[in-house]
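Undergrad: Below are the sequence and a predicted model for it; my questions follow.
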Amino acid sequence: KAQSNLQEMKARGGTVLVITDEKEAPDATYSVRVTTHSSWTAPLVLNVVQQLLAYYTAVVRGCDVDQPRNLAKSVTVE
């Protein structure tokens, strides 16, 4: 499902940033490789990197990170 979403983003002209622990991400416009030493801890490390990226992106954009818009809607939908 994730691969399908990446291809759809590229087809619509979007910029794709992939954060991975693998050597390369062929469908990505940009890729960030995070070195992990264990396949057990890789999801935890990658999640921390993604959360920090989201936080700092929101701060740069001037968004209120303590009270995001439509929080209830995004939590209850899907």
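TA: Sure thing, it's come through.

Undergrad: residues in contact with D21?
TA: Contact analysis of D21 by CB atoms under 8 Å, 6 or more residues apart in numbering lists R33, V34, T35, T36, A42, V45, L46. Heads up, the C-betas are built off the backbone N, CA and C, glycines and all.

Undergrad: I misspoke; the intended subject was P68.
TA: A58.

Undergrad: how near is it to Y55?
TA: 11 Å (CB to CB, to the nearest Å).

Undergrad: Equivalent analysis for E22, please.
TA: Separation of E22 from Y55 (CB to CB) stands at 24 Å.

Undergrad: now do V16
TA: Counting by CB to CB, the gap from V16 to Y55 is 20 Å.

Undergrad: where are the low-confidence patches of the protein?
TA: 73-78 (pLDDT under 70).

Undergrad: residue ranges for the helices of it, please.
TA: Under the criterion DSSP state H, the chain contains helices at 2-11, 42-61, 71-76.

Undergrad: For A28, find the nearest of these.
TA: With respect to A28, and counting by CB to CB, the nearest of those is helix 2-11 at 7.3 Å.

Undergrad: Give the buried residues for the closest one.
TA: Within helix 2-11, the residues that qualify as buried are L6, counting by 16 or more other CB atoms under 10 Å.

Undergrad: same for it, what does it pack against?
TA: Where contact means 3 or more CB pairs under 8 Å, 6 or more residues apart in numbering; DSSP states H and E, helix 2-11 is not packed against any helix or strand.

Undergrad: Spit out the contact partners of the residue nearest the centre of the chain.
TA: Centroid-nearest residue in the chain, with CA atoms, centre = their mean: Q50, separated by 5.1 Å. For Q50, the contacting residues are I19, taking CB under 8 Å, 6+ apart as the criterion.

Undergrad: A58: neighbour count?
TA: Burial measure for A58: 13 neighbouring residues, criterion other CB atoms under 10 Å.

Undergrad: What of Y55?
TA: Residues near Y55, counting by other CB under 10 Å, number 12.

Undergrad: If you drop the residues flanking it in sequence, what lies closest to it?
TA: Nearest residue to Y55, sequence neighbours excluded (CB to CB, 6 or more residues apart in numbering): V65, at 6.1 Å.
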